[in-house]
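# structure for this input, please:
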Amino acid sequence: MIGDESDMVEKAARRARGAASNRSGRFEPNQRVRVDDGWDLPEDLPVLKTEVALERARTIITRNRSPDIPFDRSINPYRGCEHGCVYCFARPTHAYLGLSPGLDFETRLTAKPDAAALLARELSRKGYRCAPIAMGTNTDPYQPIEKRLEITRAVLSVLRDFRHPVTLLTKGALIGRDADILGEMAADGLAAAGLSLTTLDPRLARAMEPRAAAPERRLLAMTRLAAAGVPVWVSIGPVIPGLNDHEIERLLAAARDAGATGASYVVLRLPLEVGPLFHDWLAETCPDRAARVMGLVRQLHGGRDYDPEWGKRMRGEGEIARLIAQRFRLARERLRLGRGPAKPRCDLFRVPGPRRPEQLSLF
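Numbers count the residues shown, from 1 in each chain. This is a model prediction of the structure:
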């Protein structure tokens with residue numbers, strides 16, 4: 001369902017945001033609808049600002065049993081994501097907070113300042129069994145607020161001290177800041193980093209991913225990480241037929257030239273509230289090809305906006321899906337790129353001993 005004009009927030013108020021509306025989440029008993037009763041005077045609405053709330057979490061490692069995901073645990077230092085990618089499959093998680101998966105997801109964020117301390121406590125438990133931890137699985141660990149809060153960097157420091165394996169995926173060039181920690185871990189086979197690329201067109205990138213790092217900055221971050229000895233792969237995603245699928249080969253070549261040694265991809269997913277948000281964005285940003293793009297997307301998912309079945313949701317099915325897979329495979333082989341990051345080793349894990357207290361001064 002595409003939202004009507006009463007759902008939409010004025011462009012001036014949502015400058016540099018991905019979603020066009022702030023419809024209530026699926027768990028809310030009431031839906032908010034703006035109505036002009038004729039009494040309001042025209043006014044310039046303030047630009048939406050980012051708000052950050054602090055969460056006192058009890059645990060930090062999240063577990064999953066999804067058979068089509070290559071990890072069973074992850075860490076998300078933040079809820080919501082200021083990058084504002086309109087297609088983000090994680091948007092529906094904001095409904096669990098009583099917030100909108102639309103503009104609230106981009107502007108009302110939650111940070112977990114105790115993440116590093118919680119992680120150290122969980123890794124120190126007697127029954128803990130080591131396996132790679134993934135970061136960047138739900139919301140981006142290197143979104144803009146990380147520059148100030150440095151929660152992701154603190155988490156990486158703990159993982160380094162415990163010699164615990166980690167993989168990261170991000171659209172944030174800020175990951176280059178942590179090349180020192182990641183390089184140290186990678187020297188022992190404990191870390192790998194992925195950068196997600198959707199397009200090399202700066203205008204399309206700004207429209208789809210308004211506050212994510214520009215494509216050229218992500219490529220520079222790849223180069224910086226590779227120079228530090230960190231295995232780097234590129235995730236082409238999401239592939240949106242009729243919009244950015246023609247760039248697959250160029251994206252892989254640019255990533256290879258920037259130092260990537262592996263590559264993966266996912267097709268567009270539109271679960272729950274993401275579907276209407278993407279429809280709105282297409283109608284406003286690409287009205288001349290909106291119908292064609294959605295027609296091709298539905299061909300990927302059995303005639304629907306999205307098929308959540310495991311094994312199909314990431315790759316799609318049908319002729320369009322086969323063509324995307326074939327083009328990606330041929331380009332990856334031609335460029336001699338691997339399939340993705342090698343699994344980090346787990347045999348070096350150990351709980352660091354307590355630090356000896358410094359001797360107190362007499363004066």
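# pretty sure residue 319 sits against residue 299.
Yes: between residue 319 and residue 299 there is a contact at 7.3 Å, judged by Cβ atoms under 8 Å. Using the backbone N, CA and C atoms, a C-beta is placed for each residue, glycine as well.
# the two - which one has more neighbours?
The neighbour count for residue 319 versus residue 299, taken as other Cβ atoms under 10 Å, is higher for residue 299 (16 against 9).
# just want the phi and psi numbers for the more buried one.
phi -60, psi -30 (degrees, to the nearest 10).
# got it, and residue 276?
Per degrees, to the nearest 10, the backbone of residue 276 is at phi -60, psi -40.
# what's the answer for the one 3 residues further on, then?
Main-chain dihedrals, residue 279, degrees, to the nearest 10: phi -60, psi -50.
# please determine how far it is located from residue 20.
Distance, residue 279 to residue 20, by Cβ to Cβ, to the nearest Å: 10 Å.
# over to residue 330?
37 Å.
# likewise for residue 154?
Taking Cβ to Cβ, one finds residue 154 at 35 Å from residue 20.
# residue 330 and residue 20: which is more packed in?
When neighbours are counted by other Cβ under 10 Å, residue 330 and residue 20 differ, and residue 20 comes out ahead with 23 against 12.
# what's the distance between the more buried one and residue 84?
Distance from residue 20 to residue 84, by Cβ to Cβ: 11 Å.
# just checking, residue 203 is part of a helix?
Yes: with DSSP: H, G, I helix; E, B strand; the rest coil as the criterion, residue 203 is part of a helix.
# show me the shaky parts of the stretch 101-250 of the chain.
For the stretch 101-250 of the chain, no stretch has pLDDT under 70.
# quick one, helices of the stretch 101-250 of the chain?
103-107, 115-123, 146-149, 151-161, 179-186, 202-208, 215-227, 248-258 (DSSP state H, counting those that start in this stretch).
# could you export those helices as CSV, including mean neighbour count and distance to residue 53?
Shown next, in CSV, are the helices of the stretch 101-250 of the chain (neighbours: other Cβ atoms under 10 Å; distance: least, Cβ to Cβ, whole Å):
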stretch, mean neighbour count, distance to residue 53
helix 103-107, 26, 11
helix 115-123, 19, 15
helix 146-149, 16, 12
helix 151-161, 21, 14
helix 179-186, 19, 27
helix 202-208, 16, 26
helix 215-227, 20, 28
helix 248-258, 19, 35
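# of all these, which lies closest to residue 308?
In terms of Cβ to Cβ, the element of those nearest to residue 308 is helix 103-107, at 19.3 Å.
# chain center to that closest one: distance?
Relative to its parent chain, helix 103-107 has a centroid offset of 14 Å by Cα atoms, centre = their mean, to the nearest Å.
# mind exporting the C-alpha coordinates of it to CSV?
In CSV, the C-alpha atoms belonging to helix 103-107 read as follows (Å, rounded to 0.1, in the frame of the first residue of the first chain):
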residue,chain,number,x,y,z
LEU,A,103,11.4,8.7,10.0
ASP,A,104,11.6,7.6,13.7
PHE,A,105,14.0,4.9,12.6
GLU,A,106,16.4,7.5,11.3
THR,A,107,15.9,10.2,13.9
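# other SSEs contacting it?
Here helix 103-107 touches no other helix or strand, going by 3 or more Cβ pairs under 8 Å, 6 or more residues apart in numbering; DSSP states H and E.
# what lies in contact with that helix?
Residues outside helix 103-107 that contact it (Cβ atoms under 8 Å, 6 or more residues apart in numbering): 9, 14, 17-19, 21-22, 48-51, 80-84, 88, 90-91, 94, 99, 211.
# off-centre distance for the helix or strand residue 330 falls within?
If you go by DSSP states H and E, residue 330 is part of helix 319-334. Here the centre of helix 319-334 is set off from its chain's centre by 23 Å, with Cα atoms, centre = their mean.
# residues near the nearest residue to residue 183 once chain neighbours are set aside, how many?
Of all residues not flanking residue 183 in the chain, residue 228 sits nearest, at 3.4 Å (Cβ to Cβ, 6 or more residues apart in numbering). The local packing of residue 228 (other Cβ under 10 Å) involves 19 other residues.
# and for residue 54?
11.
# for it, list the residues it contacts.
Contacts of residue 54 (Cβ under 8 Å, 6+ apart): 110, 111, 112, 113.
# got the phi and psi for it?
Per-residue torsions, residue 54: phi -100, psi 130 (degrees, to the nearest 10).
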